[in-house]
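> Coordinates only, no sequence provided:
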């Protein structure tokens, strides 16, 4: 009994070894079949702008009224096929104006200066360094891109659960409660629209950075918005941060927003 | 077999009824569908990959493109011959295949495939202008 079991195990071991050696050329042949000569590759565009963490500095001293912000918001809407919905509950916002009290609730003193009391503030997704929305997403449809720190949406994967909207402390995310197509004023053919049931938000114009252009809002902002790499000490944003006092939205939450405001 | 005759006639009738759809539709099969190439696609001669690969695997290719563009930010595709393409359904594929109805839809309808690409991607950049 004892010796026959040993015999059996020995035999089994040897035959398994033999099978493994014998099957190797077969596996190799399969592998060769798939790995074609000069396999196609994916690359970044030659003009693509690169950064460790894209960031923005918004100079609120240059914003006097809504009039200054309209072209910025309009450029974003046009670029990204953002629908214009009348119902406030269905509104889709990427970059919009907000009053100081709502943008900086922790910093709103009882008695404020005229400017903070009345002038509009420009708000958008902060592309946080530690984004709570990405942690909430069950499908990883929203993620922080390692290569440049942009918090992006993969609309293909979004199942519309809206956990990210609940997790975002800045209200920077909007849900498509209805098909947005009929509400898009002017379609930009270069950029897709969204469908009913997905969440969307500002993407720091990732599609423009990939071809070497600055974000649409920065381009039309007349110097209100500066854009650059927060981790490059020579960048325009870092120069501005060095020479001006700036604040960030809800900094106490520890999300490390990448959008700074000169006040 | 006592009821030989009855059983055999019954069997013949049964088989006749069961196979009815086959001989009723004999010779009436809908012909396979050929997608129509636009002038620009025909002039280009070759797609991003070989025609046989594109016929069989275009959905996998598009899926790989989607992953690369959306998640990795790599937007340039270099095929086996070293030719570069901007990976974009609306702006690259449909630039050549500008006749979506005759090229994409015709086959998809025939195969009863309903891709939801067009819910978001704008179908025809050229035609709508």
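Structure received. These numbers come from a predicted model, not from an experiment.

> Please make it C-alpha for all contacts and neighbour counts, starting now.
Will do.

> Next, residue A:58: secondary structure please.
Under DSSP: H, G, I helix; E, B strand; the rest coil, residue A:58 falls in the strand class.

> burial measure for it, as a count.
Neighbour count of residue A:58, defined by other CA atoms under 10 Å in any protein chain shown: 26.

> thought it was touching residue A:228?
No - when contacts are counted by CA atoms under 8 Å, residue A:58 is not listed as touching residue A:228 (11.8 Å).

> Give me the mean pLDDT for the strand or helix carrying residue B:54.
According to DSSP states H and E, residue B:54 maps onto helix B:51-66. Mean pLDDT, helix B:51-66: 94.

> Show me which residues of it are buried.
The neighbour-count check on helix B:51-66 (16 or more other CA atoms under 10 Å in any protein chain shown) flags B:65-66 as buried.

> ok, and what's touching that helix?
Residues from elsewhere that reach helix B:51-66, judged by CA atoms under 8 Å, 6 or more residues apart in numbering or on different chains: B:47-48, B:75, B:87-89.

> Could I get those in CSV, plus columns for distance to residue A:97 and neighbour count?
What follows is the contacts of helix B:51-66, written out as CSV (distance: CA to CA, whole Å; neighbours: other CA atoms under 10 Å in any protein chain shown):
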residue, distance to residue A:97, neighbour count
B:47, 46, 15
B:48, 44, 21
B:75, 32, 25
B:87, 34, 21
B:88, 32, 20
B:89, 33, 20
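
> Could you check how far the helix holding residue B:54 is from the centre of its chain?
Relative to its chain's centre, helix B:51-66 lies at 11 Å (CA atoms, centre = their mean, to the nearest Å).

> Farthest pair within the contacts of helix B:51-66?
B:47 and B:75 (17.3 Å; CA to CA).

> coming back round to it: adding distance to residue A:52 and pLDDT as columns, could you present the contacts of helix B:51-66 in CSV?
Below are the contacts of helix B:51-66 laid out as CSV (distance: CA to CA, whole Å; pLDDT from 0 to 100):
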residue, distance to residue A:52, pLDDT
B:47, 36, 92
B:48, 32, 93
B:75, 19, 93
B:87, 24, 94
B:88, 25, 93
B:89, 29, 92
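
> for chain A, what spans make up the helices?
All helices of chain A, identified by DSSP state H, fall at A:2-34, A:66-80, A:100-103, A:114-118, A:132-136, A:163-167, A:206-209, A:216-219, A:236-243.

> Please report how far the nearest residue to residue A:92 once chain neighbours are set aside lies from chain B.
Of all residues not flanking residue A:92 in the chain, residue A:174 sits nearest, at 5.1 Å (CA to CA, 6 or more residues apart in numbering or on different chains). Taking CA to the nearest CA, to the nearest Å as the measure, residue A:174 and chain B are separated by 16 Å.

> got a pLDDT number for residue A:174?
96.

> give the contact list for it.
So residue A:174 contacts A:91-94, A:165, A:199-201 (CA under 8 Å, 6+ apart).

> how does it look with 10 Å?
Going by CA atoms under 10 Å, 6 or more residues apart in numbering or on different chains, residue A:174 touches A:89-94, A:162, A:164-165, A:198-202.

> for stretch B:84-100, which positions count as buried?
B:84-91, B:93-100.

> Quick check, pLDDT for residue B:34.
Reported pLDDT for residue B:34: 85.

> Please name the nearest non-neighbouring residue to it.
Counting by CA to CA, 6+ apart, residue B:107 is the residue found nearest to residue B:34 once chain neighbours are left out, at 7.4 Å.

> Now that neighbour: which helix or strand?
Assigned by DSSP H and E, residue B:107 belongs to helix B:106-110.

> Centre of the chain to that helix, how far?
On CA atoms, centre = their mean, the centre of helix B:106-110 falls 6 Å from that of its chain.

> what's the neighbour count on the closest residue to residue A:248 other than its chain neighbours?
Once flanking residues are discounted, residue A:248 sits nearest to residue A:260: 5.1 Å by CA to CA, 6+ apart. By the criterion of other CA under 10 Å, residue A:260 has 22 neighbours.

> One more: residue A:133?
Neighbour count of residue A:133, defined by other CA under 10 Å: 22.

> That one against residue A:199, yeah?
No - using CA atoms under 10 Å, residue A:133 is not in contact with residue A:199; the gap is 11.3 Å.

> so what sits against both of the two?
A:142, A:162-165, A:173.

> what's residue B:37 sitting at in phi/psi?
phi -90, psi 140 (degrees, to the nearest 10).

> list the contacts for it?
By CA under 10 Å, 6+ apart, the contact set of residue B:37 is B:43, B:96-100, B:102-103.

> Filter the residues you listed to keep only those in contact with chain A.
For chain A, no contacts are drawn from the contacts of residue B:37 by CA under 10 Å from any CA of the partner chain.

> pLDDT below threshold where in the chain?
Chain wasn't specified; assuming chain A. A:1-2, A:29-37 (pLDDT under 70).

> that's the wrong chain, I meant chain B
Counting by pLDDT under 70, the ranges of chain B that qualify are B:124-129.

> Strands of that one, start to end?
Remark: strands assigned in chain B by DSSP state E are B:76-78, B:84-86.

> Distance to residue A:256 added to the ones you listed, as CSV?
Formatted as CSV, the strands of chain B follow (distance: least, CA to CA, whole Å):
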stretch, distance to residue A:256
strand B:76-78, 32
strand B:84-86, 34
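
> of the ones you listed, which approaches residue A:78 most closely?
Set against residue A:78 and scored by CA to CA, those come closest in strand B:84-86, at 22.0 Å.

> what packs against that closest one?
For strand B:84-86, the packing partners by 3 or more CA pairs under 10 Å, 6 or more residues apart in numbering or on different chains; DSSP states H and E come out as strand A:41-43, strand B:76-78.

> Out of the ones you listed, the one nearest residue A:74 is which?
Taking the helices and strands packed on strand B:84-86 one by one with CA to CA, strand B:76-78 is closest: 29.3 Å.

> Right, I'll leave it there.
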